[in-house]
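Visitor: I'll drop the sequence and a predicted model, then ask my questions.
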Amino acid sequence: MLKRRSWVVGLSLVLGVVVAGCSAPSQPGKPGELLLADGFEPESLNPLLGYGAEGAAKFYDGLLAFDGRAQLRPALAVDPPQANADATSWTVKLRDGVRFHDGTPFDAEDVVATYRAAIDPAYASTISSDYDMLAGVEAVDAHTVRFDLKFPYSAWPSKLVLGVMPNESLSTPAPQESSPLNTRPVGTGPYRLVEWRQGDQMTWAANRDYWGGAPAVHDITVVFAKDDNTRAQRLAAGEFDGTVLPPVLAGGAARDGFRAVHHETADYRSIALPHNNPVTGDRAVRTALNLAVDREGMIKALLGGHGKPAHTPIPPSMGAHHEPAATFAHDPREAARVLDEAGWRVGPDGIRERGGTRATFTVLYFADDSLRRDLATGFASDAREIGIEVELAGVDRSAVADRLDTDGIVLGGGNPIDPDPQAYSSLSSSAIGTGTYDNPGQYRNAEVDAALDAARRELDPGKRAELYRQVQRAYVADPGLVYLAFVDHSYVLRDDSFTGYQAPVEPHTHGTTWGPWWNVETWKPRA
C-alpha cells in the first residue's frame, strides 16, 4: 500500500533547501536554541546503515524508545509488544495520528517495509546481522504489525528501537548506500533536518507536529570539531552551549554558568586479540595479558576516575545479569608464572619467545581518538612488564578491516538495553564474519556459545540471568579479549537555559544525539 508520498517529499526537500539557504548562524545562549559541538560526524542518517541503532535518533522514532535507565517504553507503538507463548511471534499495536516530516501518515506498511529491508540482502543494510532472528513481518491491519521469528527470542523488544522509514523510500530494492535518506532523512522524530554542511555543521528544527508535542528547544545547531582540545578551548571561549569531552578535559573546561556531567554507560573499551596470530592465539598469552593489565590505574590516570573496571562485556548496570565474581586480579607475578608454564621464556632484551616465535604483536587504535591512544599506550606498558612487546599503530578507520586477522585493536561497544546485543556479537562464534567489528578476533568457546544461545531463547528472567552469569564465568576461564573499562561519558553544558536534564545510562554511541541531550525534546525553558 503506497501513500502517494513522493510528490510531498519532493516539495518538502525543496522547501528545506530554501530554509537552509536563508538560515542565520546560531549563537550560544539564545532562548529556545542550542549550539553544540561534537567530535563525531555521522557518515549517514539512514537507520538501515546504523544511524540511531540504540535509539535516540532525533529524526526518527522506533516502535519503542529507551527511557534512559535501561528500560523501554512505547513510542510509535501505543503499548508494549505482546509475545506468544514461546516468544516466536510478537504483535505490536501502533500509535494513530502520527505523521512523517513530509506530512503524510504513518501506518503499519512503513514498519513492514523498514524491517523487511533490514533483512533483505538487496538493500545491503549494514545492520542485517542484528536481525538474523527475524523470519518475517506482516501488517495485521493498518495499525497492527506482527513479527515472526526463526527461534524463541526473549530480547526482541530491544530490536524495536530501529527508526521507522517511509515505505515509499524502500519500494525499490536497492543498496542503501545510494539512498537519498542518507543525507535527507524523512522520519517521524521530534526534529527535522534543516541543513547538513558535511564536515562543518548540522542544523535541526523542531517538528511542530510531533506526536509527543512540539519541542520547546526549537533549533539546534551541531558543529563538528574532531579535536578534543579544540572543542574544549572553543567552549571556554563561549562559542558553544555544550559539548562532549574526555573526562579529564571535561572537568577542566567547566566554568561559570557551565557544569561537567559524567554518565554511567554500558560502553566498554577492550583490546581485541586476533586468534590467528601466533602470539595472541595462545590461551596462556591472553590470560596473562588479562592478569597484567592495571584497570584501576588506567581509570584513575586516563579517565580521572570516571569509569569502572571491565573484565567481561556485561556491566554492573545490568544488575542480575552481571557476574561480580568473573574478574581478573591485577597480578603481574601470576601472569609471568602462566607464561613460564606455557613455555614463553624471557630473552636477553626482556621480551619472551617460544619455539622461535617472539612475543610481540601490534595493536591498532583510531588515530583521531585520544582516549583509545592513551589506553593502548597503558596496555602496552603493562604488557611490557611481563615480557610481551606491543607495538602501537594509529590508523584511519578505513584501514582497519584488512588488518584484523593479524593485529589487535582498541575497540568500544555497548548497549544498555539488554545483555544479548551487549555480548552476542562480541563473543559468539556465529558472529564471526558478519560485520567488521563483530567478534573480530574470531574467538571460539563452546561453553560461551552454548550459554549465549540458550539465554537468547530463555523466557524465564531468573534463568536467563543465570545463563549470562554462566557466559561470564566460562569467558574468564578462557578469555578472548582484554576488556579494560566501562567508560563514563563526559560532557560540559550551559546550566542556565532549560530544565529537563536527566542523566542516562548510555550505550557506546554518545555525543550530541545522546549525552545530556538524549531527551532534549522534553526540555522546558527555565522559569
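Guide: In hand now; what should we look at?
Visitor: chain center to the strand or helix carrying Tyr365: distance?
Guide: If you go by DSSP states H and E, Tyr365 is part of strand 360-366. Here strand 360-366 shows a centroid-to-chain-centroid distance of 22 Å under the convention Cα atoms, centre = their mean, to the nearest Å.
Visitor: Please apply the same query to stretch 474-489.
Guide: Its chain's average C-alpha position is 17 Å from that of stretch 474-489, according to Cα atoms, centre = their mean.
Visitor: partners of the helix or strand harbouring Ala205, with directions?
Guide: Using DSSP H and E, Ala205 falls within strand 201-206. Using DSSP bridges, the strands paired with strand 201-206 are strand 191-197 (antiparallel), strand 219-224 (antiparallel).
Visitor: Just put these in a markdown table and tack on distance to Thr265.
Guide: The C-beta positions use only the backbone N, C-alpha and C, and glycine is treated the same way. Conversion of these to a markdown table gives the following (distance: least, Cβ to Cβ, whole Å):
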| stretch | distance to Thr265 |
| --- | --- |
| strand 191-197 | 24 |
| strand 219-224 | 21 |
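Visitor: Ranking the ones you listed by mean neighbour count, which comes first?
Guide: Most buried of those, by mean neighbour count (mean count of other Cβ atoms under 10 Å): strand 219-224, with a mean of 22.
Visitor: Which positions within the helix or strand just after that one qualify as buried?
Guide: Where DSSP H and E defines the elements, the next helix or strand beyond strand 219-224 is helix 228-236. For helix 228-236, burial by neighbour count (16 or more other Cβ atoms under 10 Å) applies to Asp228, Arg231, Ala232, Arg234, Leu235.
Visitor: Could you do stretch 266-280 as well?
Guide: Of all the residues in stretch 266-280, those buried under the rule 16+ other Cβ under 10 Å are 266-275, 277-280.
Visitor: what is the rounded mean pLDDT of stretch 209-216?
Guide: For stretch 209-216, the per-residue pLDDT values average out at 96.
Visitor: Stretch 271-280 now?
Guide: Mean pLDDT, stretch 271-280: 96.
Visitor: Now do it: everything it contacts.
Guide: For stretch 271-280, contacts defined as Cβ atoms under 8 Å, 6 or more residues apart in numbering pick out 281, 285-286, 289, 357-361, 363, 376, 379, 388, 404-411, 440-444, 480-482, 484.
Visitor: next one: it to chain centre, how far?
Guide: In this view, stretch 271-280 has its centroid 24 Å away from the chain centroid, taken as Cα atoms, centre = their mean.
Visitor: Output that stretch as CSV, nothing but the C-alphas.
Guide: Output in CSV follows, covering the C-alpha atoms of stretch 271-280 (Å, rounded to 0.1, in the frame of the first residue of the first chain):
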residue,chain,number,x,y,z
ILE,A,271,41.8,-4.8,23.3
ALA,A,272,40.6,-7.3,20.7
LEU,A,273,43.2,-10.0,20.2
PRO,A,274,43.4,-12.0,16.9
HIS,A,275,43.3,-15.7,17.4
ASN,A,276,45.1,-16.3,14.1
ASN,A,277,48.2,-14.5,15.4
PRO,A,278,50.8,-17.0,16.7
VAL,A,279,51.2,-15.0,19.9
THR,A,280,47.7,-13.8,20.8
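Visitor: Helices of the stretch 1-150 of the chain, start to end?
Guide: 6-22, 108-119 (DSSP state H, counting those that start in this stretch).
Visitor: can you name the farthest residue from the center of this protein?
Guide: Most distant residue from the mean C-alpha position of the chain: Pro348, 44.0 Å away (Cα atoms, centre = their mean).
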